[in-house]
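Undergrad: can't give you the sequence, but here's the structure:
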């Protein structure tokens, strides 16, 4: 019990000191014929320094890039690669359909609902961190 | 006093009747842009997996027409997933609706690719493609803009495109344009209204 408490405290301290939280990582089940997929997530920067997601990597994708959908007006949606995704100090950035996403290019496996996909995110300050992406409908 | 009660009561009844009329006769408010066109929508003929498919093949059904491409990782699968949920919401009435996705990427999408792509979302969906000229003609007739541009070395070219859904009624007239991100429940309500 005491051991568990110590572990819990250490974990909490680690989270608090890191101050960067990436939660709700998900991807849509991929249509069989689709070459590409997208990863979505919520990035919360609890530090007092601006953070930047610089790149991503996953063993499930041939290439992984950061992309953004943007409204070009009159119902037209465009997609463009972005150099990095800034998360200002104390703010939260949500990667979601119709906006920012991590693009999984040349998907190497089928994404089926319930599956967990490993994703590595490289941040300017926090460094390289490992995450699990859950495949679900929405 | 009695007279006052009679007058008051009459006024109340008249008010209730007026409110009821306003409430029930109030026209249905669609969740998109309503199009009032006297002419039928452009009757395209494009390539499906089992040969040519025309819009007029679906006369009697409400058609939801979407232009996208299978290489698209975000807006297109999001729209197809929303339309699949719309079909679930429609329940028995789903048989009165036909979802069609037309590829704006005939260079990479074959009829088989588009068909298999859309049917992952709902087996009733139809995927079509055609020659560059056929796609350009169809898109322009529906006011759909698409533009191929350079992506990265990994993505190859990308296509910016109108992400709206075009809804054509049972008589083959373009009736409604729904924006990207319209909630499935709202789309289902609009389609139900058109079916009835």
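TA: Now that the structure is in, tell me what you want to look at. Just so it is clear, the structure is predicted and the values come from calculations on it, not from any experiment.

Undergrad: Residue numbers of chain A in contact with chain B?
TA: Neighbours of chain B within chain A, by C-beta under 8 Å from any C-beta of the partner chain: A:28-38, A:62-63, A:65, A:67, A:69, A:72, A:74-81, A:97-98, A:101, A:103-106, A:137-138. Placement of C-beta: from N, CA and C, glycine included.

Undergrad: Filter those residues down to just the ones in helices.
TA: Per DSSP state H, helices hold no members of the residues of chain A next to chain B.

Undergrad: Which residues of chain B lie near chain A?
TA: Within reach of chain A by C-beta under 8 Å from any C-beta, chain B has these residues: B:70-75, B:77-78, B:80-81, B:112-114, B:116-118, B:120-121, B:145, B:151-152, B:154-155, B:158, B:160-164, B:177, B:179-181.

Undergrad: In strands only, show me these.
TA: Among these, the members falling in strands (DSSP state E) are B:158, B:160-162, B:177.

Undergrad: Give the ChimeraX command for selecting the buried subset of the residues of chain A next to chain B.
TA: Of the residues of chain A next to chain B, the buried ones can be selected in ChimeraX as follows, counting by 16 or more other C-beta atoms under 10 Å in any protein chain shown:
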select /A:28,29,30,31,33,34,35,36,37,38,65,67,69,75,76,77,78,79,97,98,101,103,104,105
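
Undergrad: on that earlier part again, restricted to helices, list the residues of chain B next to chain A.
TA: Using DSSP H, B:75, B:77-78, B:80-81, B:112-114, B:116-118, B:120-121 are the members of the residues of chain B next to chain A that sit in helices.

Undergrad: Select only the buried ones of these in PyMOL?
TA: Command for PyMOL that selects the buried part of these, burial taken from 16+ other C-beta under 10 Å:
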select buried, chain B and resi 75+77+78+80+81+113+114+116+117+118+120+121
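
Undergrad: just checking, residue B:186 is part of a helix?
TA: Yes: according to DSSP: H, G, I helix; E, B strand; the rest coil, residue B:186 belongs to a helix.

Undergrad: Contacts only, for it.
TA: With contacts defined as C-beta atoms under 8 Å, 6 or more residues apart in numbering or on different chains, residue B:186 is in contact with residue B:31.

Undergrad: residue boundaries of the strands in chain B?
TA: Ranges of strands in chain B, per DSSP E, are B:33-34, B:45-48, B:51-54, B:62-68, B:97-103, B:126-128, B:146-149, B:158-162, B:165-168, B:174-178.

Undergrad: who touches stretch B:145-158?
TA: In this structure, residues lying in contact with stretch B:145-158 by C-beta under 8 Å, 6+ apart are A:36, A:62-63, A:65, A:74, A:76, A:78-81, A:103, A:105-106, B:67, B:71, B:104, B:139, B:159-162.

Undergrad: longest single strand anywhere in chain A?
TA: For chain A, the longest strand by residue count, based on DSSP E, is strand A:61-73.

Undergrad: Give the rounded mean pLDDT of it.
TA: If you average the pLDDT over strand A:61-73, you get 93.

Undergrad: do the same with stretch B:118-138
TA: The model assigns stretch B:118-138 a mean pLDDT of 96.

Undergrad: Pull the distance from that stretch to the chain's centre.
TA: 14 Å (C-alpha atoms, centre = their mean, to the nearest Å).

Undergrad: Repeat that for stretch A:61-70.
TA: 11 Å.

Undergrad: any residues touching it, and which ones?
TA: Contact with stretch A:61-70 is made by A:37-38, A:53, A:55-58, A:77-85, A:97-108, A:119, B:73-75, B:152, B:154-155, as judged by C-beta under 8 Å, 6+ apart.

Undergrad: confidence score at residue 92?
TA: Answering for chain A, as no chain was given. For residue A:92, the model assigns a pLDDT of 97.

Undergrad: meant chain B, my bad for not saying
TA: Reading off the confidence values, residue B:92 has pLDDT 95.

Undergrad: That one: how many residues sit nearby?
TA: 6 (other C-beta atoms under 10 Å in any protein chain shown).

Undergrad: Could you list which residues are in contact with it?
TA: Going by C-beta under 8 Å, 6+ apart, residue B:92 touches no other residue.

Undergrad: could you give the mean pLDDT of the lengthiest helix in chain B?
TA: Looking across chain B with DSSP H, the single longest helix is helix B:2-25. Averaged across helix B:2-25, the pLDDT comes to 74.
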